[in-house]
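Asks: predicted model follows, preceded by the sequence.
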Amino acid sequence: MDTPLMHGANNLDSHWMPFTPNRDFKKHAQFVSSASGMYYYTTNGHRLLDGIAGLWCVNAGHSHPKIVEAIQKQAAQLDFASSFGLGHPLAFDYANRLTSIAPEGLDHVFFTNSGSEAADTALKMALAYHHARGEGQRMRIIGRQRGYHGVGFGGLSAAGMGPHKKQFGMLLPGAAHMPHTHDPARNAFSRGQPQHGAEIADALEQMLQTYDPSTVAAVIVEPVAGSTGVLVPPIGYLERLREICSHNGILLILDEVVTGFGRLGRPFAADRFGVTPDLLMIAKGMTSGAVPMGGVIASGNIYETLTSSAAPGAVEFAHGYTYSGHPLAAAAGLAALDVYLSEGLFEHAAAVEPVWQDCAHRLRGLPGVVDIRNLGLLAGIELGADVASGKLLAKKVHDFCFEKGVLVRPVANTIVLSPPLIVSQAEIETIFETIAGVLKEL
Ligand SMILES: Cc1ncc(COP(=O)(O)O)c(C=O)c1O
């Protein structure tokens with residue numbers, strides 16, 4: 001295929017793009033070819049203010065010089081080392097650094113290469129943990145409607161987004177789903193956590209009556225549901241889930257792939273909400289998006305139970321990836337963490353949150369806006385009287401904002417926003433004023 005819009009790629013045929021309407025894209029292709037700080041640059045010289053941190057991941061801003069340098073040095077020193085029975089120091093150093101910022105009690109890191117792999121790893125850890133304790137009958141996984149945990153069979157089974165599942169058959173048996181927490185009738189235009197809905201967590205109790213707690217291995221949720229359009233948990237909801245899980249011997253997995261690494265103004269959402277999971281999933285912001293990496297931070301209890309139940313000399317957890325703890329990713333992760341801490345980016349995110357919230361809520365009353373949700377440096381702007389019209393409008397808002405130099409992300413009928421944590425007050429204003437201008441124009 002050869003189109004005048006290609007701007008730099010010679011041929012668009014071979015790349016089968018993920019989560020993209022390929023035929024449409026290839027007719028109207030848009031490319032970015034470089035990035036720095038808060039901005040992308042397209043191949044035709046257009047500058048784009050990045051309102052979504054790449055894909056919820058570039059928390060330190062694009063091509064941060066310290067992260068770039070760390071990757072370059074590491075590539076020259078040790079390109080690859082397997083972590084299957086052979087160590088390289090960086091993976092250990094990085095795991096130690098991660099546990100030093102993780103919530104108390106979460107002290108062992110298993111490295112993966114993505115959030116999807118983190119989901120499958122956490123679910124397998126939960127099953128293996130119960131198996132090791134002689135409770136192998138705990139096989140059921142409980143997720144939530146509208147949840148997103150990547151695209152592996154495990155994470156997809158626990159997730160609750162129908163359109164992602166319909167092509168793929170039965171998925172894992174034994175996955176069940178709690179209701180989502182979106183309640184616009186009571187909570188529309190909440191600033192921060194909604195007041196109403198803690199009791200939605202009680203649906204878990206009811207499910208335990210249906211299935212019996214002794215069959216349930218884990219509950220998995222995103223603290224703030226991201227990909228479904230930024231659903232902020234009602235006050236008290238996560239605390240209630242934690243209580244029910246603890247009471248019934250069920251592991252709580254928090255998927256912090258989006259919320260980790262300062263997105264909510266603290267290292268993890270677990271810190272912000274004061275709710276500590278048994279397994280905490282990470283990815284994206286780990287390396288500020290510069291090298292693929294994910295992981296699961298597990299409690300000491302899970303690690304000890306699994307390791308001590310295996311025969312001496314045996315592999316305790318039959319799981320791992322060729323690239324688990326990859327040297328380039330570990331180097332990028334260490335550098336990103338240094339940047340986050342030395343530049344105070346988590347604190348900066350917390351400091352600009354009130355500006356972010358105010359600017360977001362100024363869109364209230366504009367044509368098409370039916371709800372605005374925010375927490376930390378996350379926002380969701382729901383559009384349209386119904387999902388179908390909202391979806392069309394969200395796509396148009398994206399296209400018009402792109403033309404005006406601001407990158408936003410449409411997911412179904414919602415515009416989601418999650419800028420790099422370095423975002424300034426002026427850039428926050430630009431993002432929301434651009435969206436406001438486009439909504440008025442449309
Ligand atoms: C909450 C959450 N979990 C898991 C994933 C999957 O991560 P990845 O795309 O790296 O596999 C995502 C990706 O957006 C996510 O938002």
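Replies: On my side now, so go ahead.
Asks: distance of the residue lying farthest from the centre of the chain from the ligand?
Replies: For the chain, the C-alpha farthest from the mean C-alpha position belongs to P312; by C-alpha atoms, centre = their mean, that distance is 37.0 Å. Between P312 and the ligand the distance, using C-beta to the nearest ligand atom, to the nearest Å, works out to 35 Å. Using the backbone N, CA and C atoms, a C-beta is placed for each residue, glycine as well.
Asks: which secondary structure state does that residue sit in?
Replies: Local secondary structure at P312 is given as coil here, using DSSP: H, G, I helix; E, B strand; the rest coil.
Asks: secondary structure element for M207?
Replies: In this assignment (DSSP states H and E), M207 forms part of helix 202-211.
Asks: run the chain-centre distance for that helix.
Replies: Relative to the chain's own centre, helix 202-211 is displaced by 27 Å; criterion: C-alpha atoms, centre = their mean, to the nearest Å.
Asks: CA atoms of it as PDB?
Replies: Once non-C-alpha atoms are left out, helix 202-211 reads as follows in PDB (Å, rounded to 0.1, in the frame of the first residue of the first chain):
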ATOM      1  CA  ASP A 202     -20.800  -6.200  49.400                       C
ATOM      2  CA  ALA A 203     -21.600  -7.900  46.100                       C
ATOM      3  CA  LEU A 204     -18.400  -9.900  46.800                       C
ATOM      4  CA  GLU A 205     -20.000 -11.300  50.000                       C
ATOM      5  CA  GLN A 206     -23.000 -12.400  48.000                       C
ATOM      6  CA  MET A 207     -20.800 -14.100  45.400                       C
ATOM      7  CA  LEU A 208     -19.000 -15.900  48.200                       C
ATOM      8  CA  GLN A 209     -22.400 -17.300  49.200                       C
ATOM      9  CA  THR A 210     -22.900 -18.500  45.700                       C
ATOM     10  CA  TYR A 211     -19.500 -20.100  45.200                       C
END
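Asks: V257 reaches A122, doesn't it?
Replies: No - with contacts counted by C-beta atoms under 8 Å, V257 stays clear of A122, the gap being 10.6 Å.
Asks: mutual contacts of those two, please.
Replies: With contacts taken as C-beta atoms under 8 Å, 6 or more residues apart in numbering, V257 and A122 have M281 as neighbours in common.
Asks: domains in this structure, by residue range?
Replies: 31-60+344-441, 68-342 (automatic domain parsing).
Asks: turn the ones you listed into TSV, including mean pLDDT.
Replies: Written out in TSV, the entries for those read as follows (pLDDT from 0 to 100):
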stretch	mean pLDDT
domain 31-60+344-441	97
domain 68-342	98
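Asks: export these to CSV and tack on distance to R23?
Replies: Formatted as CSV, the entries for those read as follows, by distance: least, C-beta to C-beta, whole Å:
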stretch, distance to R23
domain 31-60+344-441, 15
domain 68-342, 17
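Asks: show me where the stretch 51-200 of the chain has helices.
Replies: Remark: helices assigned in the stretch 51-200 of the chain by DSSP state H, counting those that start in this stretch are 53-56, 65-77, 89-101, 115-132, 153-158, 162-165, 184-187.
Asks: so which elements touch the second one?
Replies: Same thing as helix 65-77. For helix 65-77, the helices and strands in contact under the criterion 3 or more C-beta pairs under 8 Å, 6 or more residues apart in numbering; DSSP states H and E are helix 327-342.
Asks: contact partners of the helix it packs on?
Replies: Looking at what lies outside helix 327-342 - C-beta under 8 Å, 6+ apart - the contacts are 59-60, 64, 66-67, 69-71, 73-75, 77-81, 88, 90-91, 93-94, 97-98, 101, 111, 113, 261-262, 285-288, 290-293, 323, 345-346, 421.
Asks: show me what secondary structure element comes after it.
Replies: Once helix 327-342 ends, the next helix or strand along the chain (criterion: DSSP H and E) is helix 345-361.
Asks: and that next one, what's buried?
Replies: 345-346, 348-350, 352-353, 355-357, 359-361 (16 or more other C-beta atoms under 10 Å).
Asks: check the offset of it from the chain's centre.
Replies: How far helix 345-361 lies from its chain's middle: 19 Å, per C-alpha atoms, centre = their mean.
Asks: what's the angle between that helix and helix 89-101?
Replies: Between helix 345-361 and helix 89-101, the angle comes out at 60 degrees (axes from the mean of the first three to the mean of the last three C-alpha atoms, to 10 degrees).
Asks: tell me what helix 345-361 is packed against?
Replies: Here helix 345-361 touches strand 369-375, strand 378-383, helix 425-441, going by 3+ C-beta pairs under 8 Å, 6+ apart.
Asks: which residues touch the shortest one?
Replies: This points to strand 378-383. 184, 224, 226, 229-232, 258-259, 263-264, 356, 360, 363, 368-374, 390, 393-394, 397, 413-418, 435.
Asks: buried subset of those residues, written for ChimeraX?
Replies: Buried members of these, identified by 16+ other C-beta under 10 Å, are gathered into one ChimeraX selection as follows:
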select :224,226,229,230,231,232,258,259,263,264,356,360,363,368,369,370,371,372,373,374,390,393,394,397,413,414,415,416,417,418,435
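Asks: from the contacts of strand 378-383, which are also near the ligand?
Replies: G226, V258 (C-beta under 6 Å from any ligand atom).
Asks: what is the neighbour count of the residue of the stretch 201-350 of the chain found nearest the ligand?
Replies: Scanning the stretch 201-350 of the chain for proximity to the ligand using C-beta to the nearest ligand atom identifies V257 as nearest, at 3.6 Å. Here the number of neighbours of V257 (other C-beta atoms under 10 Å) works out to 30.
Asks: list the buried ones in the strand or helix carrying L306?
Replies: Taking DSSP H and E as the criterion, the element that holds L306 is helix 300-308. Within helix 300-308, the residues that qualify as buried by neighbour count (16+ other C-beta under 10 Å) are I302, Y303, T305, L306.
Asks: can you lay out those residues as a markdown table showing distance to the ligand?
Replies: As requested, the buried residues of helix 300-308 are exported to a markdown table (distance: C-beta to the nearest ligand atom, whole Å):
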| residue | distance to the ligand |
| --- | --- |
| I302 | 20 |
| Y303 | 22 |
| T305 | 25 |
| L306 | 23 |
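Asks: farthest-separated two in those?
Replies: In terms of C-beta to C-beta, the buried residues of helix 300-308 reach their longest pairwise distance at Y303 and T305, which sit 7.4 Å apart.
Asks: which residues are contacting stretch 52-63?
Replies: 34-40, 50, 67, 226, 257-258, 261-263, 283-285, 288-290, 336, 339-340, 343, 345, 407-409, 416-422.
Asks: hmm, I was thinking of stretch 201-210
Replies: Stretch 201-210 has contacts (C-beta under 8 Å, 6+ apart) with 142, 176, 178-179, 216, 219, 236-238, 240-241, 244-245, 248.
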